[in-house]
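Engineer: Sequence plus the predicted model coming up.
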Amino acid sequence: MRTFNIQMPDKSMRPAIQTKIDNLNKPKGSLGRLETLAMQICLIQQTLTPKLLSPCHLLFGGDHGIEREGVSISPREVTWQQMINFTHGGGGVNMFCRQHGFKLRIIDVGVDHDLSGIDGIIHRKIARGTRNFLYEPAMTTEEFDQAIRIGSNLVDDCIADGCTILSIGEMGIANTSPSSIWMSLFGQLPLETCIGAGAGLATEGVYLKQQLLKRAVNHFLTDNTVTSFSVEDIIAYFGGYEMVAAIGAMLRAAEQRLIILIDGFIMTACALAAIQLYPTAKEYMIFTHCGDENGHKKMLDILQVKALLNLGLRLGEGTGALCAFPIVDSAVRMINEMDHFEHAKITKYF
């Protein structure tokens, strides 16, 4: 795996940022989360006048071998069908990108379908879906490294466009399964507390999913060919190509001091994995939405973060992150556009 040089933001300018926030013509602390967001963004960009420029949204697509075991109510072909739909502008992600001015990049890193002739899709296919981790690792070390590089390189493309804020989404039927396993292993939680209905499994389906994922984890933990488990081992054994590409994108974005908007359950699992690799990456992440998938709130608690929104979304695609963008924009507008007490000739009463 390539290495990333992710620096802790210089906190020495925190007092100056706080002074500016406190002197805006409002009661001290009265804009709540907007004030803490403004602080984080100023520290990321190392400025008292932050800017949200050329926002980009990366949407990675990939299929999962574990889908063959019936862990999702949605069939595998939905992945490629939705990827094509996105190129027509008909998805939820398209609508929100248009609404908030994000440039959408749709990337095939592992969809089990030939999308090579489809305009509007960036073709970076590693394989037509991962292997079935019930029996073997989902991907090889080489494929893991390739997915990391793909995600990293896509961020460089965004930076070339002048991007300072990035959101990431995914399309991959059954990707709540690896997300749940990562959550359990990295968060040291019982697996059953991390598994939910995904795209809409009924109670019996959730039970089957629990049993299959427990078997997969037990097989991994008792594999005689593995004597110790690194973070990379766990990510590669269970992850999807689209998920590992997202991790690569998060790490490169943090290295380049971009603001990273983290979406729902699956992207939070990717953020959790990224932070296991590089803890400082968390400083650049804004957690935007707590969805309805079982365990998402627990995963946010593991990370000791609080999401900006709780709208009951479980669509994926990065839609929660896009919906939260206006709140982030408001925080930046607050610190840049609100007047201060002295200039407004208002008595500062605290």
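Structural biologist: Perfect, thanks for sending it.

Engineer: Go through stretch 95-111 and flag the buried ones.
Structural biologist: For stretch 95-111, the neighbour count (16 or more other C-beta atoms under 10 Å) marks Phe96, Cys97, His100, Phe102, Leu104, Arg105, Ile106, Ile107, Asp108, Val109, Gly110, Val111 as buried. Placement of C-beta: from N, CA and C, glycine included.

Engineer: which SSE is the residue nearest to the second one when sequence neighbours are not counted in?
Structural biologist: Right, the one you point to is Cys97. In space, and not counting its chain neighbours, Cys97 is closest to Leu104: 4.5 Å by C-beta to C-beta, 6 or more residues apart in numbering. Using DSSP states H and E, Leu104 sits within strand 103-110.

Engineer: Give me the contact list for that strand.
Structural biologist: Strand 103-110 is contacted from outside by 54-63, 83, 86-87, 93-94, 97, 115, 120-130, 147, 150, 154, 157-158, 161, 163, 172, 240-242, 245, using C-beta atoms under 8 Å, 6 or more residues apart in numbering.

Engineer: Just the buried residues from these, in PyMOL please.
Structural biologist: Applying 16+ other C-beta under 10 Å to these, the buried members can be selected in PyMOL as follows:
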select buried, resi 54+55+56+57+58+59+60+61+62+63+83+86+87+93+94+97+115+121+122+124+125+126+127+129+130+147+150+154+158+163+172+240+241+242+245
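
Engineer: Distance check, the nearest residue to Val93 once chain neighbours are set aside against Ala127.
Structural biologist: Among residues not flanking Val93 along the chain, Glu317 sits closest, at 4.0 Å (C-beta to C-beta, 6+ apart). Distance, Glu317 to Ala127, by C-beta to C-beta, to the nearest Å: 22 Å.

Engineer: now Ile335
Structural biologist: Applying C-beta to C-beta to Ile335 and Ala127 gives a distance of 46 Å.

Engineer: who touches the residue nearest the centre of the chain in this structure?
Structural biologist: The residue lying closest to the centre of the chain (C-alpha atoms, centre = their mean) is Met267, at 3.1 Å. If you count contacts by C-beta under 8 Å, 6+ apart, Met267 has them with Ile168, Gly169, Glu170, Ala246, Gly318, Ala321.

Engineer: So it, which state does it fall into?
Structural biologist: State at Met267, reduced to three classes by DSSP: H, G, I helix; E, B strand; the rest coil: helix.

Engineer: ok, back up a step: in strands only, show me the contacts of strand 103-110.
Structural biologist: Here DSSP state E is the test, and the contacts of strand 103-110 give Cys56, His57, Leu58, Leu59, Phe60, Gly61, Gly62, Ile121, Ile122, His123 as lying in strands.

Engineer: Most widely separated two among those?
Structural biologist: Cys56 and Gly62 (19.4 Å; C-beta to C-beta).

Engineer: now the helices for this protein?
Structural biologist: Assigned helices in the chain, in chain order: 14-22, 32-45, 77-87, 92-100, 141-160, 176-187, 203-221, 231-238, 241-255, 265-277, 296-303, 319-337, 341-344 (criterion: DSSP state H).

Engineer: what about these, which gets the closest to Met8?
Structural biologist: The nearest among those, by C-beta to C-beta, is helix 32-45 at 9.5 Å.

Engineer: Name the residues that touch that closest one?
Structural biologist: If you take C-beta under 8 Å, 6+ apart as the criterion, helix 32-45 is touched by 9-11, 13-14, 17-18, 21, 29, 48, 50-51, 164, 257-259, 283-284, 286, 308, 327-328, 330-332, 334-335.

Engineer: so where's the chain uncertain?
Structural biologist: 197-200, 224-227, 344-345, 349-350 (pLDDT under 70).

Engineer: check contacts around the residue lying closest to Asp10 once chain neighbours are set aside.
Structural biologist: Once flanking residues are discounted, Asp10 sits nearest to Gln46: 6.2 Å by C-beta to C-beta, 6+ apart. Residues near Gln46 by C-beta under 8 Å, 6+ apart: Pro9, Asp10, Met13, Arg257.

Engineer: For PyMOL, write the select line for the buried members of those residues.
Structural biologist: Remark: buried members of these, expressed as a PyMOL selection using 16+ other C-beta under 10 Å:
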select buried, resi 9+257
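
Engineer: All good on my end, thank you.
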